[in-house]
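>>> need a 3D model of the sequence below.
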Amino acid sequence: MHNCLTVSDLPSPASIPKRTSNWLQHWLQRWHKTPRSKTELVHALLAAQKQNIIDMDSRHMLEGVLWMADKTVADVMVAAPKMDLLDIHASQEVMLSFIIDKAHSRFPVYEVEKENILGILLAKDLLKLQRAPELNIRALLRAPVFVPESKGLNDLLREFRHNRNHLAIVVDEFGRVSGLVTIEDVLEEIVGEIEDEFDTQDTAVDIFALADNVYRVNGDTPLERVQAQFEANWPSVADENFETIGGYISHAMGHVPRRGEHLQIDGLRFEVLHTKGGAVTWFRLTRTAKPTQTP
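Below is the predicted model of the structure:
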């Protein structure tokens, strides 16, 4: 039977004789070093992937778990103007058509004003009306769950699992409806993008014109493409060897940007629209002035 060697069995780096080769000292130091921050832990995960201890998908999910702890509901929610709501007074035909068109499994239901959320209707429950038309639609509604924008995603996921809810209405500090959040929104922070309204099959299309001098830019857009599109010339870029605009903006800001943060670079304003898995997926780029050309 073979004996197993554990980290505790290894000699400390200080006890290694000077004649011992440098590579062995370096190897042991890496084993004895404990990550002191999330950034160091992320680097350790990357090293583990390079050593084929974990695969890339596992690393991305582990990183997602780490960064999710720093995020709140406001970072992932669907804003109120984009919510798909059902009017309690709409006919069954209108509701059914709306549900088929939007293809969600759950819908907030309101009365008179969209701020007045009565409950949540499961799409499958609407089928009960086909067999029993005398049923009142109000009897099919599930009680709505309200959460503040400031609630941490870890806490929200725990509540979703405990209460078996899949959707919550988000309210601001004044109690007004500011959006909704689903369990899918939270899980995407761990497993990565599942699907959203920005998905496109054409990977070459990563810069979209929204209005005069306003664009939506994918965070994975090659940096050279952005510079060419907007006639920008950032001399410091060549020295850093960045590949994407998301990586360059994150480096320039000194941290992983959060939604709503912005950075002004030589006549271009980058505002973070959407983040996933510790990276920016979409920016709003506004040309505030013509960039300065550097010879």
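>>> spatially nearest residue to residue 181 (excluding sequence neighbours)?
Closest residue to residue 181 apart from its sequence neighbours, by CB to CB, 6 or more residues apart in numbering: residue 77 at 4.4 Å. (Glycine included, C-beta is placed from N, CA and C.)
>>> neighbours of that neighbour, how many?
Applying other CB atoms under 10 Å, we find 22 residues neighbouring residue 77.
>>> gap between residue 191 and residue 231?
Counting by CB to CB, to the nearest Å, the separation of residue 191 from residue 231 is 38 Å.
>>> cool, residue 264 as well?
From residue 264 to residue 231 the distance is 16 Å (CB to CB).
>>> now residue 188
Taken as CB to CB, the span from residue 188 to residue 231 is 35 Å.
>>> the two - which one has more neighbours?
residue 188 (19 against 13).
>>> now do the SS call for that one.
helix (DSSP: H, G, I helix; E, B strand; the rest coil).
>>> surely it meets residue 76?
Yes. The pair residue 188 / residue 76 is scored as a contact, 7.4 Å apart, by CB atoms under 8 Å.
>>> could you chop this structure up by domain?
Using automatic domain parsing, the domain ranges for the chain come out as 74-191, 207-287.
>>> what sits against the residue nearest to residue 181?
Contacts of residue 77 were listed using CB atoms under 8 Å, 6 or more residues apart in numbering, and they are 149, 170, 178-181, 185.
>>> need phi/psi at residue 73.
When read as degrees, to the nearest 10, the backbone of residue 73 gives phi -60, psi -40.
>>> if we ignore the residues flanking it in sequence, what's nearest it?
Using CB to CB, 6+ apart, the closest residue to residue 73 is residue 151 (4.8 Å).
>>> correct me, but the one you found touches residue 75?
No. With contact defined as CB under 8 Å, residue 151 and residue 75 do not form a contacting pair (10.7 Å).
>>> quick one: which of those two has more around it?
More crowded of residue 151 and residue 75, by other CB under 10 Å: residue 75, with 20 against 16.
>>> tell me the pLDDT at that one?
pLDDT recorded at residue 75 is 87.
>>> and residue 121, how many residues sit next to it?
By other CB under 10 Å, 21 other residues sit near residue 121.
>>> can you show me the strands along the stretch 101-250 of the chain?
106-111, 113-122, 146-148, 167-171, 177-182, 207-211, 214-218 (DSSP state E, counting those that start in this stretch).
>>> ok, of the ones you listed, where does mean pLDDT dip lowest?
strand 207-211 (a mean of 79).
>>> for that one, buried residues please.
residue 207 (16 or more other CB atoms under 10 Å).
>>> likewise stretch 156-165?
Going by neighbour count (16+ other CB under 10 Å), the buried part of stretch 156-165 is 156-157, 160, 165.
>>> for stretch 92-110, same thing?
Buried, per 16+ other CB under 10 Å, within stretch 92-110: 95-96, 98-99, 106-110.
>>> that one: end-to-end distance?
Chord length of stretch 92-110, first to last residue, is 15 Å (CA to CA, to the nearest Å).
>>> ok so, going back, okay if I get the domains of the chain as JSON lines plus distance to residue 48?
Listed next are those as JSON lines, based on distance: least, CB to CB, whole Å:
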{"stretch": "domain 74-191", "distance to residue 48": "18"}
{"stretch": "domain 207-287", "distance to residue 48": "17"}
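>>> for residue 36, which of the ones you listed is the nearest?
domain 207-287 (16.9 Å; CB to CB).
>>> ends of the closest one, how far apart?
13 Å.
>>> could you do stretch 134-148 as well?
Across its full length, stretch 134-148 reaches 37 Å end to end, with CA to CA as the criterion.
>>> mind listing what's buried in that stretch?
Under the neighbour-count criterion of 16+ other CB under 10 Å, stretch 134-148 has 137, 140-141, 144-145, 147 buried.
>>> lovely, talk soon.
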